[in-house]
Each structure stands twice: as structure tokens, then as C-alpha cells.
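Participant: Only the shape, not the letters, is given here:
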């Protein structure tokens, strides 16, 4: 709407008031400075006048003193009475001027003191002179000289006061010059301020004229904008982006755009005929809400948007979002804005169905869905309905991982998992165990993905968990079957080594018999050779221990016992197996060589299972080279430190080698290259090595033959685990 003159006056009054305030401030400041200057000027003039009067009085007093001196001295020298014709007049003048001088310098402490002292001195000297004059006829010339010297003291005091007053006069002249200079600066400042104020007033006048022109132009532009806005509103109504209606408070709809008519299924003829009414368009269950909206419109003039439904002409319903406002206070007409929510409701329904499908997927695919925040506190958990012993709903929400009871995995597995969590990396199939209500263990496999906000900040994890207790039991059964199969494999292998076993056992027994016979001979000699008998008895003891060790090792190898990890030297375990297979190697013409690294640290493994792997690989190498008709039959067994912080064992033979095409399936179960083999030996070897935390593989030996390698991890030091959070909670 146009800017009125009163608005313009109010706008102009603000800078004008500021200018007036500045002007008044400047006038007051100038008046104050002028008044101060006037006061200082008056004070300076008074001081100057007082100084002038003091100097005049002192000059007059000096003259009077000189007259008194001339009169008395003339009389004393000549005793001529004519010199005393003015006797008493000069004395009174001196006293009067001395008193006047004392009044003039009353405000100057130093001069006042000097004037007082001068007055006293003058009075005393005048009395002395009177006494001398009265007795002049009986005194001589020296009395006159004494009188003159006494008056010299008075003149000296007068000179001191004159000098002081002149010094004060110089200072007063300097201050007068400073006041004149300040007066010049004050006048210049006043001229500058007046000029500046005149310029500001001129600028404000020009600015006001310019502003008035601009206001006129803005009024014209505003009127044009209003018209343009009306056209835009009309275009908005006609654009049919949202439904727009004009209604009366009683419910009659006066005007509506095509979008609203489309929503409710009516046409413009129905609108013109007055068939559109809020009551007829609103389902019964929504009419109470409409009444509250009407009351809100009457009270505050606007109605906040809310959702409701309209009845279409065909009887169906359309969900809408509606809000409105009254045109003016006191009227009964207003405008309403109606948004069709059909598509949004469909999207919400689709989202709900998608969530239901997701929930169904989780229910049938996983046992739990979980979410955590950046501090690893659970914020959401959903458990499958089939989960019999699930925690109470919400009992673990808000807790950190370490606040939930758990049975954590081994320290190394947890350390690796914690590194993954700290690095905000995804993880998969992290296994842990928790106690079940019946005291057994419940195994869970947990997988999770990190979540980040739009700025890339870590906000938590989202993941699923699956019960794997049955799988664990199946794996345990499989391991038991594999142990049975491995035991059978060891027993079968020992059957192949009957000759070697008999040789390893019979050799120390035969040596024991021979040594016993020799000991008897040494004891039967005359005299008995006890030293030799003692030495031979020691050899018998060593042979017996050797035979016992061989039998004990063979019993342990064929004994069916559960796996047991222990600390052992890999080189010693290899030498024990080589000793057992020495007869088999000699029988087949195989030369077994060793290249064992010294100083290897101990490993943590099951001795029986590890020696079964070494035994199988040696027997396989001997059998492979037994089929070779040409060339030497060499088997090189070596150990070394592995680059992955472990121990590497390699066995290289000079047999026919391996076809590269079969390397991929060489360790598969029931896969064999022997006509009489079962295909379980190498599969069992791989299971044993992997169970010990190692890896086994095969490749070609240069220049001929095959090479088998396996690695084993070093023995870990037993240390107390550091304080840490619990494992990933899944159920």
C-alpha cells in the first residue's frame, strides 16, 4: 500500500532529531567552553589589574620613602626647619600605601607576608626617624647616615616585591596569550561545526528530497507489485497445484479451483448451484474436528493444517491436509488450502508393507536385528518370534556391550574384533557364546555394518545375529567323525609300517641282550671288571628307555584320544617320525635328508595329530618315489621361520611330481591319484593343520618331484586380557 505523509514525517523525524540533538550538544559544549573562557579571561584581567595596582603602589611607596629620606636627611645635615614643613604628611602617605599594598596582595601568601613585613618595617623605621629628628640638635651627622641605611632596607623589600610582581606579570601575559589562542581555536571550531552542520542539513534535505522521490516511485512500484501479486495468486489458484477454496464460516463453499473440484469429484456446475458444503463433504467421524477448527478460526483467525477426509461425489473418500485463515477480523469468509494426500498415503502404505516384508525377512532369515549408537549402546533390537529364550523386550536397550552378560571368545579373536569396531569397519560372522537358561552354551554369529550421517560422522552399527548352536553341534559331530577317521588312518598307516616298527623295537632289544651277555662276561672274569660292567649296564638302560619310548610313541599314535594342544619343538617331532619310518625308507631305497633350522621357537599344537600329518606326507613321498624307475630317490625335509610369524615345514621329493590340473582338488575328500587309495589322507592332513591354525598346500619341486608345505603359528604367551568391552551382543 502507498506510503503516507505521516509515515514520511515519522521517518524524517529520526535523522532530524539526531541532527537537533547533535546541534544542541555542540551549542551547549560551545557555550560551556565560551563561559569557561570568559571566566578565565575575567580572572586574568583581575590578576593583571591587581599586578598593575601593586606595582603602582610600590612605585608610589618608593617615591614617598625617597621624599621622607630627602626631608629628614636635609634637616639632619642642615637643621633647617624648612625641610620639615611637610613633616608628618609623607609619613602618613607611607603608612596608607603600605596598608593599601597589604590589601592588594592579600590573595598571594608570599606577597602578603612581604607586605605585612614591609608595613611593620616602615612603621618601625618611621618611629626611629622621628626619634632621630626630635633629637637632631643633640646628635651628629652619623645619625642621618644611620637613618639612610635603615631606609635602604625598606627599598630592598620594595624591590623584591616589584620583581615578584613583574615575574607574575610575565606569567599572566603567557596565560593571556594562551587564552587568546584558545579563543581562536574555539572560534575556528565553532565555524567548522556550523559548516559541518550546514552541510549535513543540506545533505539531509537532498536525501529527503531523493527519498521522497524514491518513496513515490516505490508506491508506484508497490501498486504494480500488488497487481502482479494478485495475478500470481490467480495463477496459483488456476495452476491447480493444490486445492484452494473460499468459504463461509457456516460451511458453504463460495469458490474453488479445478484441483479441489477434481479431489472431491464435483464440477463447476455443482459449485455454482451451491451443492458444495463442508457438512456434506465431511464424513460424520470428522465433523467434531471441523467444529473445533471453526472455533479456532473465530478465535484467532487461522487454523493450523490438519489431516481429514472428504467424501467424493461417488461416495469414496479422499485423504487431505487442510489449513485456512479468515480474510479479515470480523468477517465470516476465509480461504482454505487443501492438499491431496492420496499418493502420500499410498507411499506410507507401501513403506509399511515394505517394513512388514523386511520384518518377515528378518524373522525367517535371522534371529535378531539390532542397532547401536556411536558409544555402542543398543538403541533397537528385534527378536524372532521363534526365539524361545529371547531377552525381555527393551531389557538391553540403552546398555553398552559390556553391560550385557556374555561368554566372550578367546582373547585374540576379541582383540581383532575390537580393532574392527574401533576402525568403524563392517564385520561378518563374529562368533560368540552366551549361557542358556539350562546351563548350556548358546552360540551366535553376528554381522554388522557401520552407519554414518550425511557429514560422514560415525553414528553406530546396524546388523543381524543368527543362532548357530545347531551348526556348532553339527561341526562338533563332524570333528568327532574326522577324529575317528584320522585314528583309523593312523592305524592303517601303522599297518604299512610293521617292518619299520619291528625294526625300531627289535634293534634296542637285541642290543640290550648283547650288552647283557657282555656284562655277564665282565662280571665272570677273574678279577671282575666292574668298570666295564657298569658302562655296559648303562648302555642297557639307554637301550631299554629307547625301546620304551618307541613303544610309547607308537601307542600314543594309534591310541584314540581327544586332541590336546601342548608346547612342542617342531624339529624334535619331525626327527621322531623320521626314526619310525627309517626302515620303510631303506626298504624302498629312499634317502631321507633334513635341513632343520636352529633356534625355532616352540609351537602350540597336538603332537599326535601333527606327527600323523608328517607321517602321512613321508609315506606318500616314499610311495610316489617307489614308482620311479630312474634317478635318485631323495626326500628333503626342512624347517624355517615363516614370514607370517610362524613355522614353515617343507617336504620335497624327486618322484614323478603332480599334474598342475589336480592341485586345486588335491586336498579334497575322497580325491586320490592312487589306484588303491581312499582319498582321505591329504584331506585329513588339511583338517588337522587348519584346526591348529595353520595352512597346507602343494606345488612342483625343481627340477622334478613334488613339494608339500604347511605352516603353524607360534606358541602365544599367556597374558591376562586387558580390560575391554564385551563382545557384540546379538540376542
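Facilitator: Received the coordinates, thanks. This one's a predicted model, so the numbers in the text were calculated from it and none came from an experiment. Numbers count the residues shown, from 1 in each chain.

Participant: In space, not sequence, find me the middle residue of this protein.
Facilitator: residue 457 (10.3 Å; Cα atoms, centre = their mean).

Participant: residues in contact with that one?
Facilitator: Going by Cβ atoms under 8 Å, 6 or more residues apart in numbering, residue 457 touches no other residue. C-beta: built from backbone N, CA, C; applies to glycine.

Participant: quick one: it from residue 450, how far?
Facilitator: Look at residue 457 and residue 450: by Cβ to Cβ, to the nearest Å, they are 11 Å apart.

Participant: Residue 689 too?
Facilitator: Between residue 689 and residue 450 the distance is 34 Å, computed by Cβ to Cβ.

Participant: who has more neighbours, those two?
Facilitator: Neighbours were counted for residue 689 and for residue 450 using other Cβ atoms under 10 Å; residue 689 has more, 22 against 19.

Participant: Excluding chain neighbours, give the residue nearest to that one in space.
Facilitator: residue 696 (4.4 Å; Cβ to Cβ, 6 or more residues apart in numbering).

Participant: three-state assignment of that neighbour?
Facilitator: State at residue 696, reduced to three classes by DSSP: H, G, I helix; E, B strand; the rest coil: strand.

Participant: cool, the one 3 residues further on as well?
Facilitator: Going by three-state DSSP, the secondary structure assigned to residue 699 is strand.

Participant: My read is that it contacts residue 664, right?
Facilitator: No - assessed by Cβ atoms under 8 Å, residue 699 is found out of contact with residue 664, at 12.0 Å.

Participant: Looking at those two now, which is surrounded by more residues?
Facilitator: Neighbour count, other Cβ under 10 Å: between residue 699 and residue 664, residue 699 has more, with 15 against 9.

Participant: Mean confidence (pLDDT) on the lengthiest helix in the chain, please.
Facilitator: Longest helix in the chain, counting residues (DSSP state H): helix 141-239. For helix 141-239, the mean per-residue pLDDT is 74.

Participant: now residue 591, nearest residue through space, not along the chain?
Facilitator: Per Cβ to Cβ, 6+ apart, closest to residue 591 is residue 634, 5.3 Å.

Participant: That neighbour: neighbour count?
Facilitator: Around residue 634 there are 17 residues (other Cβ under 10 Å).

Participant: And for residue 416?
Facilitator: 12.

Participant: Quick one: classify it as helix, strand or coil.
Facilitator: Put simply, residue 416 is helix when judged by three-state DSSP.

Participant: how much space is there between it and residue 374?
Facilitator: As for residue 416, its distance to residue 374 is 21 Å (criterion: Cβ to Cβ).

Participant: Please name the nearest non-neighbouring residue to residue 700.
Facilitator: In space, and not counting its chain neighbours, residue 700 is closest to residue 657: 5.8 Å by Cβ to Cβ, 6+ apart.

Participant: State the pLDDT value of the one you found.
Facilitator: Looking at residue 657, the pLDDT reads 83.

Participant: gap between stretch 334-341 and the chain center?
Facilitator: Centroid displacement of stretch 334-341 relative to its chain, using Cα atoms, centre = their mean, to the nearest Å, is 46 Å.

Participant: Contacts for that stretch, please.
Facilitator: In contact with stretch 334-341 (Cβ under 8 Å, 6+ apart) are residues 242-247, 249, 259-260, 263, 297, 305, 307, 318-327.

Participant: same question for it, mean pLDDT?
Facilitator: Here the average pLDDT along stretch 334-341 is 90.

Participant: do stretch 603-623 as well
Facilitator: 84.

Participant: ok but the residue nearest to residue 700 is inside a strand, no?
Facilitator: No - Residue 657 is assigned coil when assessed by three-state DSSP, not a strand.

Participant: contacting residues for it?
Facilitator: Residue 657 sits in contact with 700-701, 704-706, where contact means Cβ under 8 Å, 6+ apart.

Participant: of those, buried ones?
Facilitator: By neighbour count, with 16 or more other Cβ atoms under 10 Å, the contacts of residue 657 hold 701, 705-706 as buried.
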